[in-house]
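Q: what follows is a predicted structure for the sequence shown.
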Amino acid sequence: AGGGHIERKGHQASSPERLCHTVQKRNRILRDMKHYSRAIVITGGAGFIGSHVVRLFVNKYPDYHIINIDKLTYAGNLANLDDIKDKPNYTFLKADICDFETILQTLRRYDVDGIIHLAAESHVDRSIKDPFTFARTNVMGTLSMLQAAKIFWESQKEQWKMSRVNADGDEVCTECRFYHISTDEVYGALELTDPQGIETPFSTKASSAHHHTYGQEFFTEETKYQPHSPYSASKASSDHFVRAFHDTYGMPTIVTNCSNNYGPYQFPEKLIPLFINNIRHRKPLPVYGTGENVRDWLYVEDHARAIDLIFHKGKVADTYNIGGFNEWKNIDIIKVLIATTDRLLGREEGADNDLITFVTDRKGHDMRYAIDSRKLQRELGWEPSLQFEEGIEKTVKWYLEHQDWLDNVTSGDYQKYYEKMYGV
C-alpha cells in the first residue's frame, strides 16, 4: 500500500491536485487491503500499552492490516510509534471511540474482523477528580465499539465471520473477535494479612529473586467484582457490557484483566516513569500513606505477548487474568528505583533516598492487588519473560536514554504539535 498512512477526520485538501492525490492513494490502499488476511482495529494504540501491541502486531503479522484508532488525548503520543509509522500494513486514524458513526464507517471501510480494545482513561487520581470523563470514555466508548461491531459483523454473509479474497485470489473466511482489555482493579482489594512477606504458592522463572506474597488470597477469574474507585467502576461496567453482548447477541468476545504494567513509553503520571524522572532531576518522590500498598507488576512487552496469544488462541466468552507473579510494596519498589537510577547516573548509593516524601493517602486507596494468572499459564502456555529486576533495569535505562521523549511529554510540546496538526 506504499507505506503507513494517517487519516485526519475533517481534513481539507488545499488544492484540486492534492485532493486528487489523496483520493488516488486512498483507492490504492482500499484495493490493496483486500489482500490482507485480516484487518484488526486496535483502539488506544498511541498510548502506553497500546503502542506496544500495535508495534508487535505490525511487525509480527505483515499480512494483517493494523488500524490504530486513538483520540490523542494527553496520554496518546504518535512518537511512541515512530519506528513503524511507515510500514505498509499500518494505518492510523485519529478518532474518538465515542463517535459511533465514525467507528462503524471505519469497520466497514476496512472490512475489520478483529478488535483489540485498549482505549481507556486509566489514572485513578484523575478519575477521583473527574469521574464523568471516565464514564464517558470507558463505558460509553466501549458500548460504541461493541454496537458498531455488532451491526457490521451481523451484516456479513455468515454472521460473526468475515470473508475476503487473499493475494492468491482465494476466498478465506475468518471468525470475528472482540477482545476487551481490562484491569485487576475491578476485583477490589485484598487484605494485607502478612505484611512481613511469606513464600508464594506459585511462581515462574520470571518471578523476582526476592519473590514473596503478602496475603493468602489472590484474584482469580472467578473473583467477584468489587470496584472501589470511579476508574475501576467504569472498567467494571465496560467488562459487563462486553460479556452482555456475547450472552445477548452471540458476539465472540474475550475479556482479560491485567495487573500493573511498566516499561518504555508510559506517561509520567504513573509511579515508575514519574519517579525515574524525579530522581534524575532531584525532585521529591511523593509516596501515598506509608507506602505499604502492594501491587503486582508486569513488564509491558510481556503483556503485549499475552494479548497476541489470547487474541489468536483464547477461548471465546472466556476471561483470563494476566499477572507478573511479582508483588511489591510501593515503598520497596521506590527504593529499587532509587538504587537503580542512582547507579546508572553514577551517583553515590542511596544519594536520593532523602527525596522520599510521604503524603496524605489517596481516597479509597486499595491495600493489595495480587493476580493468579495460572489459568493463562496452564491453558495457553504464557508466562512473563523478565524478572522484575531485569525489567526495572531495562526501564530505567530507557527513560534515562530518552530524556528528549520525557521532556517533550512533560512540557506539553507534543500536545501543541497535535493542536497544530489536527486542530484539537
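A: Structure's in. What do you need?
Q: can you give me the helices in the protein?
A: 16-33, 48-60, 100-110, 124-129, 131-134, 141-154, 230-249, 271-280, 300-313, 330-344, 374-380, 388-401, 403-411, 413-422 (DSSP state H).
Q: pLDDT weak spots in the protein?
A: Scanning the chain for pLDDT under 70 picks out 1-34, 209, 413-424.
Q: dump the helices of the chain into a markdown table; add distance to Thr220 as well.
A: Using the backbone N, CA and C atoms, a C-beta is placed for each residue, glycine as well. Below are those laid out as a markdown table (distance: least, Cβ to Cβ, whole Å):
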| stretch | distance to Thr220 |
| --- | --- |
| helix 16-33 | 40 |
| helix 48-60 | 22 |
| helix 100-110 | 33 |
| helix 124-129 | 23 |
| helix 131-134 | 26 |
| helix 141-154 | 23 |
| helix 230-249 | 15 |
| helix 271-280 | 25 |
| helix 300-313 | 16 |
| helix 330-344 | 24 |
| helix 374-380 | 8 |
| helix 388-401 | 22 |
| helix 403-411 | 36 |
| helix 413-422 | 40 |
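Q: which of the ones you listed sits closest to Thr360?
A: Taking Cβ to Cβ, helix 124-129 is the member of the helices of the chain nearest to Thr360, at 12.2 Å.
Q: how much space between the most centrally placed residue in the chain and Ile198?
A: Here the mean C-alpha position of the chain is nearest to the C-alpha of Ile49 (Cα atoms, centre = their mean), at a distance of 3.1 Å. According to Cβ to Cβ, to the nearest Å, Ile49 and Ile198 sit 31 Å apart.
Q: what does Phe245 give?
A: As judged by Cβ to Cβ, Phe245 and Ile198 stand 41 Å apart.
Q: surely Trp398 touches Pro264?
A: Yes. The criterion here is Cβ atoms under 8 Å, and Trp398 meets it with Pro264 at 4.4 Å.
Q: tell me which of the two has more neighbours.
A: Pro264 (20 against 16; other Cβ atoms under 10 Å).
Q: centre of the chain to stretch 173-187, how far?
A: When distances are taken as Cα atoms, centre = their mean, to the nearest Å, stretch 173-187 is centred 12 Å away from the chain's centroid.
Q: show me what counts as buried in that stretch.
A: Cys176, Arg177, Phe178, Tyr179, His180, Ile181, Ser182, Thr183, Asp184, Glu185, Val186, Tyr187 (16 or more other Cβ atoms under 10 Å).
Q: any chance of TSV for these, columns distance to Ile276?
A: Output for the buried residues of stretch 173-187, formatted as TSV (distance: Cβ to Cβ, whole Å):
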residue	distance to Ile276
Cys176	41
Arg177	36
Phe178	35
Tyr179	31
His180	30
Ile181	25
Ser182	27
Thr183	23
Asp184	23
Glu185	23
Val186	28
Tyr187	28
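Q: narrow the residues you listed to those in strands?
A: Using DSSP state E, the members of the buried residues of stretch 173-187 that fall in strands are Arg177, Phe178, Tyr179, His180, Ile181, Ser182, Thr183.
Q: any figure for the gap between the fifth one and Val172?
A: The span separating Ile181 from Val172 equals 27 Å under the rule Cβ to Cβ.
Q: again, but for the third one
A: Taking Cβ to Cβ as the measure, Tyr179 and Val172 are separated by 20 Å.
Q: please apply the same query to Leu192.
A: From Leu192 to Val172 the distance is 52 Å (Cβ to Cβ).
Q: show me which of those two is the more surrounded one.
A: Between Leu192 and Val172, counted using other Cβ under 10 Å, the more crowded position is Leu192 (15 against 12).
Q: ok, Tyr299 - contacts?
A: Taking Cβ atoms under 8 Å, 6 or more residues apart in numbering, we find Tyr299 in contact with Asn261, Tyr262, Gly263, Gly324, Pro384, Ser385, Leu386, Gly391, Lys394, Thr395.
Q: again, only using 7 Å
A: Remark: with contacts taken as Cβ atoms under 7 Å, 6 or more residues apart in numbering, Tyr299 is in contact with Tyr262, Gly263, Pro384, Leu386, Gly391.
Q: likewise Thr290?
A: Thr290 is in contact with Phe358, counting by Cβ under 7 Å, 6+ apart.
Q: same check, this time on Leu344
A: With Cβ under 7 Å, 6+ apart, Leu344 has these contacts: Val396, Lys397, Leu400.
Q: I'd assumed Asp372 was in contact with Thr220.
A: Yes. Counting by Cβ atoms under 7 Å, Thr220 sits close enough to Asp372 to count as a contact (4.9 Å).
Q: need the residues touching each of these two.
A: Shared contacts of Thr220 and Asp372, counting by Cβ under 7 Å, 6+ apart, come down to Asn321.
Q: these two: which has the busier surroundings?
A: A direct count of neighbours by other Cβ under 10 Å for Thr220 and Asp372 places Asp372 higher, at 19 against 14.
Q: how about that one, nearest residue that isn't a chain neighbour?
A: If the residues on either side of it in the chain are set aside, Asp372 comes closest to Phe218, at 3.9 Å by Cβ to Cβ, 6 or more residues apart in numbering.
Q: so what's the residue count around Ser203?
A: 15.
Q: that one and Phe388, how far apart?
A: If you go by Cβ to Cβ, the gap between Ser203 and Phe388 works out to 12 Å.
Q: which neighbours do those two have in common?
A: With Cβ under 7 Å, 6+ apart as the test, Ser203 and Phe388 reach no residue in common.
Q: whichever of the contacts of Tyr299 end up buried, select them in PyMOL.
A: Selecting only the buried entries of the contacts of Tyr299 in PyMOL, with 16+ other Cβ under 10 Å as the criterion:
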select buried, resi 262+263+384+386+391
